[in-house]
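**Student:** Give me a 3D structure for the following:
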Amino acid sequence: MFLKPKYLLAALTVFSLSQAAFAQKDLEGDNVTVVKAFDAQLLEANKINVPPTLPPLDTTTQKQSYTVPPHPSNIKYDPPKLRPLGMKAAPKEDAYNGYVKLGGGVPTSLYGEGGYFFKSDEKFDAKIWLKHHYLSADKAVENQKFQKTQGLVSTNIFLPNNLATQVNIGYTYDRVQFYGYDHDSLEFSPERTRQDYKILDMSARLYNSQRTDSDLNFAVTPKFYLLNDFYSNKESHFELGLSATKWFNEKHALRVNIRPDLTKFEDTLEQKLNNIYLQPSFTLHFDALQFKIGGNFVNNRDEFSIFPDAELTLRVWGDGIQAFAGITGDLRKNTYRSLSEYNPFIQIRGSKLRNTRWDNYFGGVKGNFGWLEYNGQVGYSKASDLALHQTLFSNEGITRFQVIYDTVKIFNIQGTIKISPIKNLTVSGTLSQNVFDNETTGTSADELAVWGLPEIEGNFAALYTLLEGKANLKASLHMADRIAFLDEPGNIHKSKALVDLSLGGSYYFSKNVGVFLDLNNVLNNKRERWYRYPTVGMNFLGGIVARF
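**Tutor:** Residues are numbered from 1 along each chain as shown. As a prediction, the model looks like this:
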């Protein structure tokens, strides 16, 4: 507690008097006379004026440091689109999700094909496709007929995190007849000459649907098929493709592919043909050249085969003239499926499935001028254990074919061209010439000819669109030279040359419905591609088409 000023002043006065009393003990007498009460006063103070002043300004620059915590944005937007000014937009073509093609012809034939495409935003799409073709010319040649039915269901599903998956399920039912026999002296029922190929195909793919930030693309691709035929032969196949591509500077690519490829064939015995492929490569892209260097490492039955994979491309004049050269190699499997697709009249029972070793060297020129695309090259290959198709005569008199293997050196020259000389007309063609040289070992295993393989083959086509897309005209020409074979006594012969000319066209008389007509083999060429199996002569097929 603090004393108030007036009490403090009184206390000081009493204290002063008491001190004065003690200090004046030497005064005469003991009495003190108080004239008046003590009156203490303070002198008047002189006021000092101190004017306020501001401190000097600080003109130095201070560097400020700010820390802003990151906050990812979830805003999605479409990238801007650049549109030219003053350019009239082209008319938008109509898009159709489905189509149907139905028809019949002479000799007796039925044809049906259809498909539909589904899409749901950007997350899902799918397609369904079905085709059936039946033809019977057995009025001219007994049992000369076939029928083939194919179906496919395919879907793409786009997942989060830049992932997508594709699933495909297909089925093929292919019935052919062994009509290769002497029709003047022999006669067989359709059941005795029948062969059915039933194939179930399943495949999938998991991949990145868009380019990643690290420029790394990948894909996982499993595939499986199961083949059964009318004679209880069976083949199963599974392969798993693993691939990754890393891009550097957005143009140089490092690729790695790994592919286990497993095949099992069963007739009276069981055979396995299993290969494992490792295929690394690095491709450099520059303005004037492109160079690829890599390898193909294949393991089969614990034996490794190493092949180079290199190609150099020089841009002599932009995209118009490019020169290229390369060297490659591979082990290619000869499976029941691949052999029967090339020759459906094969007798597989008792045959051995093998790999064909290919060593290839090639070079040529290619280019694209917009209205003209071309590719011409020469090459040399050595094919070890090349599959050949030799005649096989049964006791009942039906001709089939057996697989035999031989080492063949092949010199090849080929060219491909696609040209649009005038508006709405496209002409394309491919011509290939092979020169075969059977490697002679001096043993009975040497083959006298390259059985079943043509030396010259050519395919040419033309398509002309008119009436603003409502109609089109087409023509095709397939050529092949004579093919060596052995007859029943064992003499070497060559078949006649093939010249197969076909014409056709279609016309839409409304937006969605039209008609078509195909005239096939108008030159009525009945050359035997396989000994005792003449091709169908002139035939035609017509019907309706619809799109929606």
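
**Student:** any idea where the strands of the stretch 351-500 of the chain begin and end?
**Tutor:** 355-368, 372-393, 399-419, 425-438, 456-466, 471-480, 484-486, 492-494, 498-508 (DSSP state E, counting those that start in this stretch).

**Student:** Could you tell me how many residues sit around residue 261?
**Tutor:** By the criterion of other Cβ atoms under 10 Å, residue 261 has 20 neighbours. For glycine as for every other residue, the C-beta is placed from the backbone atoms N, C-alpha and C.

**Student:** Moving C-terminal from the helix or strand of the chain with the lowest mean pLDDT, which element do we reach first?
**Tutor:** Within the chain, no helix or strand scores below helix 5-23, which has a mean of 46 by mean pLDDT, DSSP states H and E. As assigned by DSSP states H and E, the chain's next helix or strand after helix 5-23 is strand 98-106.

**Student:** Where does pLDDT dip in this structure?
**Tutor:** 1-94, 439-446 (pLDDT under 70).

**Student:** residue contacts, residue 180?
**Tutor:** Contact analysis of residue 180 by Cβ atoms under 8 Å, 6 or more residues apart in numbering lists 345, 398-400, 530-533.

**Student:** I meant to write residue 401 there.
**Tutor:** The contact partners of residue 401, taken as Cβ under 8 Å, 6+ apart, are 343, 345-347, 389-392, 452, 530.

**Student:** Nearest residue to it in space, please, no chain neighbours.
**Tutor:** residue 389 (4.6 Å; Cβ to Cβ, 6 or more residues apart in numbering).

**Student:** Check residue 202 too.
**Tutor:** Take residue 202 and drop its neighbours on the chain: the residue closest to it by Cβ to Cβ, 6+ apart is residue 224, 4.9 Å away.

**Student:** mind checking the SS state of the one you found?
**Tutor:** When classified by DSSP: H, G, I helix; E, B strand; the rest coil, residue 224 comes out as strand.

**Student:** quick one, what contacts it?
**Tutor:** Per Cβ under 8 Å, 6+ apart, neighbours of residue 224: 201-203, 236-238.

**Student:** Equivalent analysis for residue 252, please.
**Tutor:** 282-285.

**Student:** run the last query once more with 10 Å
**Tutor:** Residue 252 makes contact with 246, 282-286, 290-291 under the criterion Cβ atoms under 10 Å, 6 or more residues apart in numbering.

**Student:** What of residue 479?
**Tutor:** Residue 479 sits in contact with 431, 454, 456-460, 497-501, where contact means Cβ under 10 Å, 6+ apart.

**Student:** Equivalent analysis for residue 150, please.
**Tutor:** Residues near residue 150 by Cβ under 10 Å, 6+ apart: 113, 129-133, 170-174, 199, 201.

**Student:** Give me the buried subset of these.
**Tutor:** Among these, those scoring as buried are 113, 129-131, 133, 170, 172, 174, 199, 201 (criterion: 16 or more other Cβ atoms under 10 Å).

**Student:** Is residue 296 within a helix or a strand, and which one?
**Tutor:** Assigned by DSSP H and E, residue 296 falls within strand 289-300.

**Student:** in its sheet, what does that strand sit against?
**Tutor:** Within its sheet, and counting by DSSP bridges, strand 289-300 is paired with strand 270-285 (antiparallel), strand 303-317 (antiparallel).

**Student:** quick one, which of these is packed in tightest?
**Tutor:** Among the strands paired with strand 289-300, the stretch with the highest mean neighbour count (mean count of other Cβ atoms under 10 Å) is strand 270-285, at a mean of 16.

**Student:** related to what we said a few turns ago, surely the residue nearest to residue 401 is in contact with residue 404?
**Tutor:** Yes. Counting by Cβ atoms under 10 Å, residue 389 touches residue 404, with 8.1 Å between them.

**Student:** and these two? which has more neighbours close in?
**Tutor:** Neighbour count, other Cβ under 10 Å: between residue 389 and residue 404, residue 389 has more, with 23 against 18.

**Student:** for that one, what are its contacts?
**Tutor:** By Cβ under 10 Å, 6+ apart, the contact list for residue 389 reads 339, 342-343, 345-346, 400-404, 450-453, 483, 485, 530-531.

**Student:** what's around residue 421, how many residues?
**Tutor:** Neighbours of residue 421 using other Cβ under 10 Å come to 9.

**Student:** Revised request: answer the last question for residue 268.
**Tutor:** 8.

**Student:** which non-adjacent residue is nearest it?
**Tutor:** residue 349 (7.0 Å).

**Student:** how far is stretch 416-423 from where the chain is centred?
**Tutor:** 26 Å (Cα atoms, centre = their mean, to the nearest Å).

**Student:** quick one on the thing from earlier: now the buried members of the contacts of residue 224.
**Tutor:** 201, 203, 237-238.

**Student:** Any chance of TSV for these, columns secondary structure and distance to residue 188?
**Tutor:** Listed next are the buried ones among the contacts of residue 224 as TSV, based on DSSP: H, G, I helix; E, B strand; the rest coil; distance: Cβ to Cβ, whole Å:
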residue	secondary structure	distance to residue 188
201	strand	32
203	strand	38
237	strand	32
238	strand	37
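
**Student:** Closest one of those residues to residue 107?
**Tutor:** Distances from residue 107 to those, taken as Cβ to Cβ, are shortest for residue 201 (30.6 Å).

**Student:** Please verify my assumption that that closest one contacts residue 171.
**Tutor:** Yes. Counting by Cβ under 10 Å, residue 201 does reach residue 171; the two are 7.2 Å apart.

**Student:** Please report which of the contacts of residue 479 has the highest neighbour count.
**Tutor:** For these, the largest number of neighbours (other Cβ under 10 Å) sits with residue 498, at 23 neighbours.

**Student:** quick one, what contacts residue 211?
**Tutor:** Contact analysis of residue 211 by Cβ under 10 Å, 6+ apart lists 162, 217, 247, 250.

**Student:** Let me know the closest of those to residue 142.
**Tutor:** Nearest to residue 142 among the contacts of residue 211 is residue 217, at 55.3 Å by Cβ to Cβ.

**Student:** Give me the number of neighbouring residues for the closest one.
**Tutor:** Neighbour count for residue 217, taken as other Cβ under 10 Å: 17.

**Student:** which residue packs closest to it, ignoring adjacent ones?
**Tutor:** Spatial nearest neighbour of residue 217, chain neighbours left out: residue 245 (4.6 Å); criterion: Cβ to Cβ, 6+ apart.

**Student:** Quick check: phi and psi on the residue nearest to residue 400 when sequence neighbours are not counted?
**Tutor:** Nearest non-adjacent residue to residue 400, counting by Cβ to Cβ, 6+ apart: residue 347, 4.0 Å away. Per-residue torsions, residue 347: phi -110, psi 100 (degrees, to the nearest 10).

**Student:** My guess is residue 347 contacts residue 402. True?
**Tutor:** Yes. Counting by Cβ under 10 Å, residue 347 touches residue 402, with 5.7 Å between them.
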